[in-house]
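Novice: Provide a 3D model corresponding to the input given below.
(2 chains)
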Amino acid sequence: MNNRRLPGLLLVSPLLLVLLLVFVAPVLLMAPLSLHEYLPGTGVSQQWTLANYTDIVTDEYFREVVLRTLALGFGVTAICLVLGYPLAYYIANAGPTMRLTLTMLVIFPMLLNLVVRSFGWIALLANRGLVNNLLIDVGLIERPIKMMFNLFGLLVGMSHIFLPFMVLMLVPAIQAIPKDVQAAAYTLAASRARVFWSVTLPMSAPGILSGSILVFVLTISALVTPRMLGGPTYKVMATLIYDDFLQTLDWPAGAAMSFVLTGLTLLVIGLSSRVLRRWGGTA
Amino acid sequence: MPALTLERLEKRYPGHTAAASVSLSINDGEFVSLVGPSGCGKTTVLRMVAGLIQPTSGRILIDGRDVTGLPANQRKIGLVFQSYALFPHMSVFDNVAFGLRRQGVEGRDLKQRVEEALAGVRLSGYVDRLPRQLSGGQQQRVAVARSIAPRPSILLFDEPLSNLDAALRDEMQIELKRLQRGVGITTLFVTHDQGEAMSMSDRVCVLADGVVQQFGTPEEIYHRPATGFVAGFIGRPNRLSGRLLRPAGQVALVQIENGPRLAVAAAEGIDDGAAVDVVVRQEDIRFAASHDTPGHAIDGRIALRSFIGSRVQYVVALGGIEVIAEAPTNGLHAGLDVGMAVRIAVAPEHVYVNAARALEAA
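Specialist: Below is the predicted model of the structure:
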């Protein structure tokens, strides 16, 4: 082995060892598991089969869960981007005191327990929750609107929970855009809106992409919030996997679903980094 | 009618004044430099002209029209930044086309104007490159083409050559000047480099602490500096301190601290016995022949000799002080050795005195 590589290897080896032991090994063990059938009452059969994977594609229920998870991922990412960008833009251009204050406010919700924050949304969105009660009292509606156990509830709750990640990724990207470049566009007779669309926005593309990847991956793999706001019936892939493993004990199906989820995640990251490479050097 | 007029332009920030009552009038097609040490307010003035900074008071007129209240995007100015400030995600073509597109130039017209502008900076054939694929000098030329293409009424430069190495800087100075002459565009050029300002400009405005020290041709600035600051900033100065003496019936003298006495031609408004800052340029010190009249010559000794190329630089010890003097390489005094006794002389009109105040020249 090359002598220069040794210190580097030694530095990463503790983490590498832990990851190999508790992450890579279980994954490798799960791979064959996903290729067997689960027989209720007996356990995992010895027969090899691809049924667990084909089911995900052919079974309408599984297909819906996968599509729902993806829709949720893209939806939450889009909402976080639309809500987060103006805030990040403001923070990036604010004075030092304002910047610190706002950054603290953005981080603050993350200090609260995830369960507490999700439960807060139950209190707000339930049939007899604050929002419905208010709308009924005001007279806008007669019967409560269903805002939980559906896509709407999950979008709202998870956008709230993952918004800080998006903002924290966007702020440094926007700050890194040289002021001179925007001033140059401005002196070339561009309107404020034109400066934003033609210069600021494309130059913050790396931040937009990394923020979006982060939020997307966190969303499609989230368990607690979908569990609480989706209830036992409105499932996403993560909650389905959880139930397979701990409720129905159908480990093979859960393992297969896990690999599909991992595959989707890797696919999205791979596609995005290709886009990023094409935009490379933009900031 | 002047192309650009600044009327008592002021910019005050809490605790300091960046520009104090700056008044300038620049003729059509003229190349004017704003020069001064860092923090003298030259960039502030430039950015006020560009519309990127709002003045506290005063007026800016372009072609006789008051533009003080106009935002930068309506002033029809071109600005070239020290950092180039190119759009990194756009090709050279799109960079140069940016301002033209804002004017509604399209299609074949656009293509032609962009190519024209790029040809002007000798970058034809680079249209498809991205800025990061170009060298620093090339990037700066794209920036120049970008600001010239929309045919602005005023072209502003903010230390455009400071990021380039010395050889490239000399080349770009000549190229920029030639381009400016060719296009005939009124230009305001900000720099901290007095040599650059002198060599490129029709007129130079020396700025210190936000105040205009002198505004004139390079020759005027060099030969008749209005203040001690200008004398100390332009050329290669020796800075000394001393005391002014006014013997009755004689020319004024300055007694250099721990050094000789020098005759002074102009010392208006300075009292007898007042502490003064003295500036004597290296190139104004003359080596006198030994048979010169002893009256104005000063005896000294060569302490150090450096060969610069076109000239030889000597450190000359005069009593308790040292001054730097220089002689042309091909002249009589190019071969003096360290330790040799010499006599030097300075014409009274080349001794610049100023009531004592820390000279802040770079």
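Novice: which strand runs longest in chain A?
Specialist: strand A:43-48 (DSSP state E).
Novice: and that one, how far from the chain's centre?
Specialist: The chain centre lies 34 Å from the centre of strand A:43-48; the measure is Cα atoms, centre = their mean, to the nearest Å.
Novice: same question, stretch B:254-263
Specialist: 30 Å.
Novice: so the spatially closest residue to residue B:42 that is not a sequence neighbour: helix, strand or coil?
Specialist: Among residues not flanking residue B:42 along the chain, residue B:34 sits closest, at 4.3 Å (Cβ to Cβ, 6 or more residues apart in numbering or on different chains). Using the backbone N, CA and C atoms, a C-beta is placed for each residue, glycine as well. In three-state terms, and counting by DSSP: H, G, I helix; E, B strand; the rest coil, residue B:34 is strand.
Novice: same question for residue B:251.
Specialist: Per three-state DSSP, the local secondary structure of residue B:251 is coil.
Novice: show me what contacts the residue lying closest to it once chain neighbours are set aside?
Specialist: Leaving aside its sequence neighbours, residue B:251 sits nearest to residue B:263 (Cβ to Cβ, 6+ apart; 5.3 Å). Shown in contact with residue B:263 (Cβ atoms under 8 Å, 6 or more residues apart in numbering or on different chains): B:251, B:252, B:253, B:296, B:348, B:351.
Novice: in this structure residue B:51 contacts residue B:62, no?
Specialist: No. If you go by Cβ atoms under 8 Å, residue B:51 and residue B:62 don't touch, sitting 10.2 Å apart.
Novice: so which bits of the stretch 51-200 of chain B are right by chain A?
Specialist: B:51-52, B:71-79, B:81, B:83, B:85-89, B:98-99, B:102-103, B:130, B:132, B:143, B:146-147, B:150 (Cβ under 8 Å from any Cβ of the partner chain).
Novice: can you flag the buried ones in the residues you listed?
Specialist: B:51-52, B:72-73, B:75-79, B:81, B:83, B:85-89, B:98-99, B:102, B:130, B:143, B:146-147, B:150 (16 or more other Cβ atoms under 10 Å in any protein chain shown).
Novice: contacts for the top helix by length along chain B?
Specialist: Taking DSSP state H as the criterion, chain B has its longest helix at helix B:166-183. Defining contact as Cβ under 8 Å, 6+ apart, one finds that helix B:166-183 is touched by B:31, B:120-122, B:136-137, B:140-141, B:144, B:148, B:155, B:157, B:160-161, B:164, B:187, B:196, B:199-200.
Novice: put the alpha carbons of it into CSV.
Specialist: Extracted in CSV, the C-alpha atoms of helix B:166-183 (Å, rounded to 0.1, in the frame of the first residue of the first chain):
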residue,chain,number,x,y,z
ALA,B,166,2.5,43.7,-14.1
ALA,B,167,3.3,42.8,-17.7
LEU,B,168,-0.4,42.2,-18.6
ARG,B,169,-1.3,45.4,-16.9
ASP,B,170,1.0,47.5,-19.0
GLU,B,171,-0.4,45.8,-22.1
MET,B,172,-4.0,46.3,-21.0
GLN,B,173,-3.4,50.0,-20.2
ILE,B,174,-2.4,50.7,-23.8
GLU,B,175,-5.2,48.5,-25.2
LEU,B,176,-7.8,50.2,-23.0
LYS,B,177,-6.6,53.6,-23.9
ARG,B,178,-6.6,52.8,-27.6
LEU,B,179,-10.1,51.3,-27.4
GLN,B,180,-11.4,54.4,-25.5
ARG,B,181,-9.9,56.7,-28.2
GLY,B,182,-11.4,54.6,-30.9
VAL,B,183,-14.9,54.5,-29.5
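Novice: continuing past it, what's the next helix or strand?
Specialist: Counting by DSSP states H and E, the next helix or strand C-terminal to helix B:166-183 is strand B:186-191.
Novice: any residues touching that following strand, and which ones?
Specialist: By Cβ under 8 Å, 6+ apart, strand B:186-191 touches B:3-4, B:26-35, B:42-43, B:45-46, B:49, B:153-162, B:180, B:197, B:200-201.
Novice: mind running it again at 6 Å?
Specialist: B:3, B:28-35, B:42-43, B:46, B:154-159, B:180, B:197 (Cβ atoms under 6 Å, 6 or more residues apart in numbering or on different chains).
Novice: chain center to the very next helix or strand once past that strand: distance?
Specialist: Moving toward the C-terminus from strand B:186-191, the next helix or strand (DSSP H and E) is helix B:194-200. Offset of helix B:194-200 from its chain centre (Cα atoms, centre = their mean): 5 Å.
Novice: give me the mean pLDDT for helix B:194-200.
Specialist: The average pLDDT for helix B:194-200 rounds to 92.
Novice: SS state for residue 238?
Specialist: Looking at chain A here, since you left the chain open. helix.
Novice: actually, chain B is the one I wanted.
Specialist: Going by three-state DSSP: residue B:238 is strand.
Novice: same thing with residue A:53?
Specialist: Put simply, residue A:53 is helix when judged by three-state DSSP.
Novice: off-centre distance for the longest helix of chain B?
Specialist: 15 Å.
Novice: kind regards, and thank you for your time.
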